[in-house]
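Undergrad: Build me a structure from this.
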Amino acid sequence: MPGPLPRQPAPALDLPLVGGDRFDLAAATPIQFTLVVAYRGVHCPQCHTQLWELDGRLGELRDVGVDEVVAVSGDDRERAERAVREWELNYLRVAYGMDEATMRAWGLYVSKGLTDSEPALFGEPGLFLVRPDASLFSAHVQSTPFARPRPGRPAQGPGRRDPRAGAALSRPARTGRDGKGGRRRGDARDRAGRPGPQIGRPNAFPMSGAVHPARTHRECATAVCSRVRE
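TA: As a prediction, this is how the structure comes out:
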């Protein structure tokens with residue numbers, strides 16, 4: 001499946017945005033990176049979680065030089081507006097109308113809808129970091145909606161609800177051992193007491209081909225920007 005290559009020009013991307021205006025990658029002026037997040041569509045609950053979390057982390061991404069962020073899909077205007085409204089995306093820009101040719105130009109896997117809630121064709125998830133000169137820095141594409149990179153816990157605020165739990169984010173995050181005195185899943189250890197795999201922790205998107213198993217979007221972006229400055 002052909003797709004864009006690092007250090008080569010990224011494919012053209014010029015799409016309408018929910019709320020008006022357009023996103024044109026060629027006209028983007030990031031400090032260091034533009035993050036393009038391809039999602040499946042409003043029918044996808046995993047996309048709901050991913051974009052909702054990303055919506056709460058945009059300020060942290062801006063702090064490390066990723067100040068142009070856009071979510072794109074093949075949904076039409078009505079479906080994209082539903083996603084923004086129902087998923088409570090208050091800050092993330094959402095573009096719509098990505099056609100099959102553009103999906104394939106970006107190297108996305110393209111699936112056929114199987115139910116009435118899905119469009120006839122839609123692109124599978126992808127994450128792309130693009131430099132200010134519109135050349136591709138890194139790409140991460142998937143053939144399924146699961147195990148995708150996630151930006152980590154979003155900023156708390158009144159009225160924000162975690163779509164996974166259905167509860168307001170008012171409780172403090174637990175650290176160390178859980179409330180029952182046992183280790184959390186992410187703290188698994190082998191019989192010798194060495195740290196084991198980060199069970200249940202999502203992989204963050206690869207940076208120049210390297211996979212960082214327990215990093216969030218922000219941690220990876222920080223590492224990338226530090227490397228670029230060096």
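Undergrad: Around the closest residue to residue 93 other than its chain neighbours, how many other residues sit close by?
TA: Of all residues not flanking residue 93 in the chain, residue 70 sits nearest, at 4.7 Å (Cβ to Cβ, 6 or more residues apart in numbering). Placement of C-beta: from N, CA and C, glycine included. Under the neighbour criterion other Cβ atoms under 10 Å, residue 70 is assigned a count of 19.
Undergrad: Let me see the mean pLDDT of the helix or strand containing residue 70.
TA: Using DSSP states H and E, residue 70 sits within strand 66-72. For strand 66-72, the mean pLDDT works out to 95.
Undergrad: Equivalent analysis for stretch 26-40, please.
TA: Stretch 26-40 comes out with an average pLDDT of 95.
Undergrad: thinking again about what came up before, give the contact list for the residue nearest to residue 93.
TA: 17, 23, 34-37, 92-95 (Cβ atoms under 8 Å, 6 or more residues apart in numbering).
Undergrad: Relative to residue 66, which of those is nearest.
TA: If you rank those by distance to residue 66 using Cβ to Cβ, residue 35 comes first, at 5.2 Å.
Undergrad: Which other helices and strands does the strand or helix carrying the closest one contact?
TA: Applying DSSP H and E as the criterion places residue 35 in strand 33-38. Applying 3 or more Cβ pairs under 8 Å, 6 or more residues apart in numbering; DSSP states H and E, we find strand 33-38 packed against helix 45-55, strand 66-72, strand 126-130, helix 217-229.
Undergrad: buried sites along the third one?
TA: Read that as strand 126-130. Using 16 or more other Cβ atoms under 10 Å as the test for burial, strand 126-130 gives 126-130.
Undergrad: Distance to residue 112 and pLDDT for the residues you listed - can I get that in CSV?
TA: Formatted as CSV, the buried residues of strand 126-130 follow (distance: Cβ to Cβ, whole Å; pLDDT from 0 to 100):
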residue, distance to residue 112, pLDDT
126, 18, 96
127, 23, 95
128, 23, 96
129, 29, 96
130, 28, 97
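Undergrad: out of the residues you listed, who's nearest residue 27?
TA: Checking these against residue 27 by Cβ to Cβ gives residue 130 as the nearest, at 12.3 Å.
Undergrad: Surely the closest one and residue 139 touch.
TA: No - using Cβ atoms under 8 Å, residue 130 is not in contact with residue 139; the gap is 9.5 Å.
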